[in-house]
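In: Sequence and predicted structure, then a few things I'm wondering about:
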Amino acid sequence: MALSLPNAKTLFVDTGPRLVLGGIFLIGAIDGFWYIFAGSHLIHPPTSVDGLAFEAALKEVGFFWPLMKVIELIGASLLLSNRAPALGLALLAPVMAVIVAFHVVLNPAGLPLAAILVATGGMTLWVQFDRFKPLTASGTPKHPTNDADGQYP
């Protein structure tokens, strides 16, 4: 049995962006948990004074920083394992929006990371778009039936 490589479209439009996005959030989650348990960051890129104040506020709330890191870990795991990538993307989308806004408004030095998140998130959304279509459908949802007489379960 010979190994087969994915075609270029699958690699560069589906698999690659999904793995990059999942990897970024996995690293962020690990760094966040390291901070929670050890009190210091493993990776902390240069951040503006306003950016540091925003980050400190998130940490001071108490529950928000661990919650965000758990969501990042779950979303990254779903993307990296390709088990439920649409769910992983749905979990990470609000976090990505805050990260992008953070870099646009408070920390312009991080704009390259924001651009990578937008690009990889957009490509992953494009590949997974069919899974999000039911969320935007209008009308009353159709309920499946279990028996021949049309009774709902």
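Out: Now that the structure is in, tell me what you want to look at. Residues are numbered from 1 along each chain as shown.

In: contacting residues for the residue most central in space within the chain?
Out: Nearest to the mean C-alpha position of the chain, by Cα atoms, centre = their mean, lies residue 92 at 2.8 Å. Contacts here follow Cβ atoms under 8 Å, 6 or more residues apart in numbering; on that basis residue 92 touches 21, 25, 71, 72, 75, 76, 79, 121. All C-beta spots, glycine's among them, are computed from the backbone N, C-alpha and C.

In: same thing but at 6 Å, please
Out: Going by Cβ atoms under 6 Å, 6 or more residues apart in numbering, residue 92 touches 25, 75.

In: where does this structure dip in pLDDT?
Out: For the chain, the stretches with pLDDT under 70 are 1-6, 141, 143-153.

In: hmm, try it at 90
Out: Within the chain, the stretches with pLDDT under 90 are 1-14, 39-41, 43-47, 62, 132-153.

In: Where do the helices of it begin and end?
Out: Ranges of helices in the chain, per DSSP state H, are 8-9, 16-38, 49-60, 64-81, 85-105, 111-136.

In: As JSON lines, those with distance to residue 142 would be great.
Out: Output for the helices of the chain, formatted as JSON lines (distance: least, Cβ to Cβ, whole Å):
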{"stretch": "helix 8-9", "distance to residue 142": "33"}
{"stretch": "helix 16-38", "distance to residue 142": "30"}
{"stretch": "helix 49-60", "distance to residue 142": "41"}
{"stretch": "helix 64-81", "distance to residue 142": "27"}
{"stretch": "helix 85-105", "distance to residue 142": "20"}
{"stretch": "helix 111-136", "distance to residue 142": "10"}
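
In: ok, residue 17 - how many residues close by?
Out: For residue 17, the neighbour count with other Cβ atoms under 10 Å is 22.

In: again but with residue 126, I slipped
Out: The number of residues packed near residue 126 is 11, by other Cβ under 10 Å.
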